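K.L.:
The sequence and its predicted three-dimensional model are supplied below.
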Amino acid sequence: MQTVARYRPSPALPPIHHSPPARAAARPAVRATPAAMPVPGDIATVRAARRLNRAAGMIATSVLTDSAMEHYRGEFHNRAMWTPIVTAALSLAVSVHGHTDRRTGAHRGRDLVYAAAGLTGLIGTGFHLYNITKKPGGLCWQNLFYAAPIGAPAALSLSGLMGFLSERVRANRPGSSPIVCGFSAGRAVAALTSASLLGTVSEAGLLHFRGAYHNPFMVLPVSLPLVAAALLANAATGKSRVRRRLTRWWLRATALMGFGGVAFHAYGVSRSMGGWRNWRQNAFNGPPLPAPPSFSGLALAGLAALGLLEDHPDD
Amino acid sequence: MSSDPFEAPRASHGRAPDVFATGGWVPMRAYREQDEVDFAIVGTGAGGGTLAALLAEQGFSVVAFDAGPYFRPLEDFASDEAEQNKLYWTDKRVTDGANPIRMGGKNSGKAVGGSTVHYAMVSLRFRPEWFTSRSTLGYGADWPIPWQEMWHWYGEAEQQIGIAGPITYPWGPKRPRYPYRAHELNSAARLLARGCEAIGIGWTETPLATLSAPHGKSSPCMYRGFCRFGCSTNAKRSALTVWIPRALAAGAEVRDLAMVGRIETGPDGRASGVHYQREDAWRFQRARNVVVAGYAVETPRLLLNSANQRYPDGLANSSGLVGKNLMTQSNQAVWGRMEEEVRWNKGPPSLAITEHWNYDDNKDFFGGYCWMGQGPLPIEWAAVQTGSRGLWGEALRDAMLHYNHMIGVKMVGEMLPDEANRVTLSNDLDQYGLRVARITYTWGENDKALIQHALVQMGRSIEAIGATDMFRQEDDTNHLGGTARMGADPARSVVNADCRSWDIPNLWVCDGSVFPTVGGVNPSLTIQTIAMRTASRIGILARRGEL
Amino acid sequence: MTDPSAPRYPGYDVLAKRHTPSWNAITRKVIDHRLAVPREPRFFTPSEWTTADAVCQRIIPQPADRPPVPLAALLDAKLLANVGDGFREGDMPYMREAWRQGLAAIDAESAAQQGRVFAALDTAEQDALLGMMQRGELSGPYWNGMGAQNFFAQRILTDIPGLYYSHPTAWSEMGFGGPASPRGYMRMALGRRDPWEAAEAKPGSEARALRDNRHVV
């Protein structure tokens, strides 16, 4: 893990780069600052880091609810099935903490939790893969559709990853060009978010294929975020001194789609026989309510990447 | 609104029940009896229901008759085995022969939608070679339709019904993707799969006519496990929920509680209409064409009961084959107990299948069979215990306590056609005053060899996964076919490839009775496929002026 | 099982789900009707009823610690409604007539062998007579060509167990989930139990099963 000296605010701060100005106006530079702890103004890296905390928190919320519901459905027959619930809850908690934290510098506790989330996701993927392969048919469509979902634990990893990125971004000295693992922070976050979107798209694609794309709107989560991923990949590799309005709006649309997906899934539950009156079956057999906001979380991360790129052009 | 679908016809006065809404109605066109409609169709199941929709959609005037009531599944179907006996044809019949067929739930239906209202939704294609089983495989009789044509129509049927099936089907030529994905396997199906893998044969998810995702007004399957007692949530794709609504929308009229007792022929020898009993009175509907779609017992019974001076042996019977070559399918099973809780009643009963022995010809008998997972409900399960093991008293109650630990695999096996197996008329009269069917059946040596082979293989498969206290159910049969066979030779068949009778050109038969052979798979998809092809052919013939 | 006489599904009552989404209106109506079956002969004559009742008690002996499923009443109702398979096999009469003839023949056999009607025999004697029927060892003139063995297999062993296992008491006893509409099941996997299914008492887990079964709704 990268070690960065914890930043201490000093009166000799370099001028803070506000961009774009309209936003800086809308967001007061100093907000509810406790007198005892002087907090710097709107530092771009902190702003981006907090965005990433929100992204991590959003994904953690989705994973927490989704794994709680799915593992309840699996009767928690294996004690390990509690792990993602605990980890996702912790990831959510530190994400809230990170969101409220306006200081620069990585936080060891948050780092630990995010690392644990990332690791739990990886181990969970292994568990789920094992669960799939030991069933009759092995790695076949039936098991990909209905056995332990192979893509679900990865979402926990994504929450950890976004949190990890948040801490790395935060660790940069204000004013310096933020770096993550030796790469330009904006580019690194954009690239990893783009890849994460692709993974989440394949999960949604698999499950919507299971649903035979019976509703035309089911195409949205495999098209909209795909374009967002491409735009982000372009941002990660392209010039940083351009205003990427299309990318920004597309990411916002993706974030909205994530929330809209919950509404669509709620409608799906209501279409099952007995509707919401029979929620004890339909909320579990129907489309997963908590899944779509993962897209919103990743879209937030993408917006954070754009902010970093715009605040700290590197070419 | 009539609350009792048996008390009085529901489809009348220009409206019919809306199967998708409690107490709901849809508009229905009404024909007068003196109107000579293009088609009077007797029976509204897999054959008649399909045909009614597809003919009406081509602009023909259609009146479809069913002796049974017109149910709205949402309000009329109880979650109860005993009550749902109301779906079956339980009018009087006589059975005999060395292996009398038990009539009832597994081979009959008396309702609008026919037996598709309670079928297990298993929607399989025939193996291509079965359409030429005589010339290619050396038994039975050839179908007059090439398999390629049937496979084209199978694809159409699967799309229009909305079958949920596997992405790739392990046996036979490549087929297009099913419109819906296969359902989640229940534990009984997973155990079947494990058993197949243990003895080294293939398995797959059974293509089922129940939704795995919403479709129109139908919601997806709720995994209630009462499929064979009527689907009360409309996830099932039956003639009642698929074809009949289409038929009504296209201008067909459906008459429920309307028992057709006789087909009238005119001075020209052609069919002129049907006599039917509705609301305690005999009525007559004129028609330019009559289609009989009453399944393998009621179809020949109606043709035989319609005998008149001109056709003393019954209609369409110059070959003498009406009622002959009745085939059922062997439906033996092997049952056993597992250490784990299986809870086999959850979900549709036949979620997984092996068709291995339909496609493997390394056998010393003709024909093939498949087997599927099982999930009998308590009454049916008790009947297995009493029928196969003769249990009663404490022994029966004790055996029933293992219900949640049981598994079973049950075959659908091909039985060969034999003219001695047949439907004739008994002297017993039913509630309409009509002579009832006498159903005579004796298993042949080939049938017995096939059954023994299947019992051994099925037993191996569940023994290999640790089933204990295994026992065989040796005497069961299910689907029917073959009493008005189709063929290319008028002397050796009742109807031609278009389901048109050789003797009376405006008399058609469209149901399982036209099957020359029954194959080793459930017949409902093939019946619907034949009906789709027939509808298409009728359209072509009409355009050519050859009706 | 530690104690073979202990209930397999302690405390499970399928009727507890009557007001849950597992039971739709028509199911409630149908089951209510079944539970309220009149406990008196409407189809049978009083003496037929007595014999039928005695046969039912031997085909499905019921424990004394709970209200019995009223099998004779259910059989009488079934015959009154004349709801069955519909067909008759070979020389068998249709269902109603088969029962009238069969019950008379049982009493006649019993009287010929023991000098008493069937209901007056002790249970061992009754079981012995039923066993002879099942094995085809009765061929007295009372069967009118129907055949004691056929009557036993096709009517007694078909109708009576069918009625017993149509009753919620039997479903509770065997741990069957019972009605399921619109609510079906969500846990399809092996060994998984839905929260509204019966919990089985396994050695050491009887108390837990009892607790779970009290919350099966």
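P.N.:
Thanks, I have it.

K.L.:
Flag every buried residue along stretch C:34-41.
P.N.:
Using 16 or more other Cβ atoms under 10 Å in any protein chain shown as the test for burial, stretch C:34-41 gives C:Arg34, C:Val37, C:Pro41. (C-beta placed from N, C-alpha, C; glycine too.)

K.L.:
Out of those residues, which are close to chain B?
P.N.:
For chain B, the contacts drawn from the buried residues of stretch C:34-41 by Cβ under 8 Å from any Cβ of the partner chain are C:Arg34.

K.L.:
Among the buried residues of stretch C:34-41, which one sits closest to chain A?
P.N.:
Nearest to chain A among the buried residues of stretch C:34-41 is C:Arg34, at 23.6 Å by Cβ to the nearest Cβ.

K.L.:
contacting residues around residue 99?
P.N.:
All of this refers to chain A. By Cβ atoms under 8 Å, 6 or more residues apart in numbering or on different chains, the contact set of A:His99 is A:Arg50, A:Asn53, A:Arg54, A:Gly57.

K.L.:
oops, I was thinking of chain C
P.N.:
Taking Cβ under 8 Å, 6+ apart as the test, what C:Trp99 contacts is C:Glu48, C:Ala52, C:Leu75, C:Leu79, C:Arg155, C:Asp159.

K.L.:
Just give me the closest of those residues to chain B.
P.N.:
For the contacts of C:Trp99, the nearest to chain B is C:Asp159 (10.2 Å; Cβ to the nearest Cβ).

K.L.:
tally of neighbours for that closest one?
P.N.:
Using other Cβ atoms under 10 Å in any protein chain shown, the number of residues around C:Asp159 comes to 23.

K.L.:
mind checking how far the residue nearest to B:Leu87 when sequence neighbours are not counted is from chain C?
P.N.:
Excluding its sequence neighbours, the residue lying closest to B:Leu87 (Cβ to Cβ, 6 or more residues apart in numbering or on different chains) is B:His118, at 4.7 Å. Using Cβ to the nearest Cβ, to the nearest Å, B:His118 is found at 14 Å from chain C.

K.L.:
and residue 215, how many neighbours does it have?
P.N.:
I'll assume chain A. 17.

K.L.:
That was the other one, I meant chain C.
P.N.:
Using other Cβ under 10 Å: C:His215 sits among 11 other residues.

K.L.:
roughly how far apart are C:Glu40 and C:Phe152?
P.N.:
Here C:Glu40 is placed at a distance of 26 Å from C:Phe152 (Cβ to Cβ, to the nearest Å).

K.L.:
sorry, back to before: so which of the buried residues of stretch C:34-41 comes closest to B:Ala449?
P.N.:
Using Cβ to Cβ, C:Arg34 is the member of the buried residues of stretch C:34-41 that sits closest to B:Ala449, with 44.1 Å.

K.L.:
Can you verify the closest one is assigned to a strand?
P.N.:
No - read with DSSP: H, G, I helix; E, B strand; the rest coil, C:Arg34 is helix and lies in no strand.

K.L.:
Hmm, it is touching C:Leu74, no?
P.N.:
Yes - using Cβ atoms under 8 Å, C:Arg34 is in contact with C:Leu74, at 7.4 Å.

K.L.:
Verify the stated contact: C:Gly136 with C:Gln149.
P.N.:
Yes - at 3.9 Å, C:Gly136 counts as touching C:Gln149 under the criterion of Cβ under 8 Å.
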